[in-house]
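In: just a sequence and a predicted model for now, questions to come.
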Amino acid sequence: MYDLTDPIIEAIVQARVRMLFNHPFFGNLATRLKLVDASKWCKTAATDGRHLFYNRDFFKKHTADEVVFIIAHEVLHCAFGHMGRRKPSYNPKIWNMACDYVINYTLTKEKIGTMPKCGLYDAKYTDELLAEEIYSLLISSGASEQDTLDQHLEGDETTDGYTFEPGSGHGDSNLDGKAKENPDPGTETGVDYTILPPVYTADQIRELQHEVTAAMINAVQSNTGNAPACIVRLIDEFVSPQLNWKEILEGRIKSLYKSDFCFTKFSRRTLTSECIFPGMKEGERIDIAVSIDTSGSISRDMVREFLSEVKSIMEMFTDFRIDLWCIDAAIYNHIVFTPDNMSEIMEYEPAGGGGNDFPLNWSFMQENSIIPNMFVVFSDGYPCGSWGDPDYCDTVFVIKNNWGQSIVAPFGTTVYMNE
């Protein structure tokens, strides 16, 4: 709980409440951010996607409407994924300017709060442009470096941890300009965020962005028509695959053996097709594990569709091993399919009906020494907790649900089983 007797905390909380009522998309994302008084290193405001870092003196200078604008500004840094996007060759200050131009244009266009006088704005840098495009325009026009509204957290991708550059628009940390790496993103483990800025690896930044992306999708879908058009376009790119999901899944599996197809063996799909498809070379076997979500939110029709697609995977190859099981709060009916028993897929009996404990998939594979070339998870995309182990093997999540929502898994490849 926050101390609402603190005038700065009160101003920020009130601004977020106003956003929830007047601009729900921004309000939903803003209330995710944990408030951290970072006055010792942050000169204005900053965010990493989990925290809103603020300088008390900076916030004291601004009106209630300007505080709304500043918080919404931080929200869009998260939404656009600006942290970690700067290329090593980019001038940090010019890049920060490019990011602020597109954000400030968007907020001004959407009439969200009032832009402080220190904000950068130029009508020619619209929300139709990416920050990278604005950066190129600034460089080609010989733009001079200017201070930005806030401090931008991002770092040097050539190192294991992200270090901050004093005086370049980033948060200063300690005397030598480098903060200790924080081993647990989003927590105070390892670093006191009131004294030092967080320092993240590239993988941790990707993890943070996955969280923001999922929050954006939920915010857009629960507040249709509220999000800026540029955000809606961005979400469409996340949740509307350009290829049929079956093509995506088939391509991901076949990519494991790019040069191992030939016409001396043909695919079983040839039997029902006017075209001849190449099969796997003799002696090559595709080894896949498949988990079918049978939790309470999965209908019998969905399970039948999942099993039908497992059969389709079998028909792609002349030789295969597929470890198949069902999962809810436990693992059920594990069976190994090969070409010798593939007809039994039509008699496979699913089991389950409880909550879905995704990590059990990986525990089960480890306990049974199952190390597949690829792990395919058929689900509605609603695990009860963690999605599982991102490092065990290549994973593809095939998501289908009846609520019109598309979920982005925090690792692996996500495809959508759309009609």
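Out: Noted; the coordinates are in hand. Computed from a prediction, not measured in an experiment: that's the story for all the values here.

In: OK, contacts around residue 62?
Out: 70, 116 (CB atoms under 8 Å, 6 or more residues apart in numbering). Placement of C-beta: from N, CA and C, glycine included.

In: strands along the stretch 301-419 of the chain, start to end?
Out: Along the stretch 301-419 of the chain, counting by DSSP state E, counting those that start in this stretch, strands occupy 320-327, 331-337, 374-379, 395-399, 413-416.

In: how far does the last one sit from the chain's center?
Out: If you compare the mean C-alpha spot of strand 413-416 with that of the full chain, they lie 12 Å apart, counting by CA atoms, centre = their mean, to the nearest Å.

In: which strands and helices lie in contact with it?
Out: With contacts taken as 3 or more CB pairs under 8 Å, 6 or more residues apart in numbering; DSSP states H and E, strand 413-416 sits against helix 245-254, strand 395-399.

In: pick out the shakiest of these, pLDDT-wise.
Out: Note on the helices and strands packed on strand 413-416: lowest mean pLDDT is at helix 245-254, with a mean of 66.

In: ok, now how distant is residue 201 from residue 208?
Out: Using CB to CB, to the nearest Å, residue 201 is found at 11 Å from residue 208.

In: thought residue 318 was touching residue 286?
Out: No - contact criterion CB atoms under 8 Å: residue 318 and residue 286 do not qualify, at 9.5 Å.

In: list the contacts of the spatially most central residue of the chain.
Out: Residue closest to the mean C-alpha point of the chain, counted by CA atoms, centre = their mean, is residue 210 at 2.0 Å. Neighbour list for residue 210: 408-411 [criterion: CB under 8 Å, 6+ apart].

In: let's see it at 6 Å
Out: residue 410 (CB atoms under 6 Å, 6 or more residues apart in numbering).

In: helix, strand or coil for it?
Out: helix (DSSP: H, G, I helix; E, B strand; the rest coil).

In: just the pLDDT for it.
Out: On pLDDT, residue 210 comes in at 75.

In: and for residue 279?
Out: With respect to pLDDT, residue 279 has a value of 50.

In: from residue 66, how far off is the residue nearest to the centre of the chain?
Out: Distance from residue 210 to residue 66, by CB to CB: 31 Å.

In: how is the chain divided into domains?
Out: Listed by automatic domain parsing, the domain ranges of the chain are 7-236, 245-416.

In: single out the most deeply packed of the ones you listed.
Out: domain 7-236 (a mean of 19; mean count of other CB atoms under 10 Å).

In: what distance separates that one from the middle of the whole chain?
Out: 16 Å.

In: all the helices of the stretch 1-150 of the chain, residue numbers only.
Out: For the stretch 1-150 of the chain, the helices defined by DSSP state H, counting those that start in this stretch occupy 7-22, 24-30, 56-60, 64-79, 92-109, 131-140.

In: out of the ones you listed, flag the one nearest residue 305.
Out: Set against residue 305 and scored by CB to CB, those come closest in helix 24-30, at 32.1 Å.

In: can you list the residues that contact the closest one?
Out: Contact with helix 24-30 is made by 16, 19-20, 71-72, 75, 215, 219, 223, 226-227, as judged by CB under 6 Å, 6+ apart.

In: so can I have a markdown table of the residues you listed showing distance to residue 127?
Out: Output for these, formatted as a markdown table (distance: CB to CB, whole Å):
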| residue | distance to residue 127 |
| --- | --- |
| 16 | 23 |
| 19 | 19 |
| 20 | 23 |
| 71 | 18 |
| 72 | 13 |
| 75 | 14 |
| 215 | 20 |
| 219 | 17 |
| 223 | 18 |
| 226 | 16 |
| 227 | 12 |
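
In: using CSV, write out every CA atom in stretch 384-400.
Out: Extracted in CSV, the C-alpha atoms of stretch 384-400 (Å, rounded to 0.1, in the frame of the first residue of the first chain):
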residue,chain,number,x,y,z
CYS,A,384,-3.1,-21.4,-13.7
GLY,A,385,0.4,-20.1,-13.0
SER,A,386,3.7,-20.2,-14.9
TRP,A,387,3.8,-21.1,-18.5
GLY,A,388,6.8,-23.5,-18.0
ASP,A,389,10.5,-23.8,-18.7
PRO,A,390,11.7,-21.5,-21.6
ASP,A,391,15.1,-23.2,-21.8
TYR,A,392,14.3,-26.9,-21.9
CYS,A,393,13.5,-27.3,-25.6
ASP,A,394,12.0,-25.5,-28.6
THR,A,395,8.3,-24.9,-27.8
VAL,A,396,5.3,-23.9,-29.9
PHE,A,397,2.0,-22.9,-28.3
VAL,A,398,-1.1,-23.5,-30.4
ILE,A,399,-3.8,-21.4,-28.8
LYS,A,400,-7.5,-21.7,-29.3
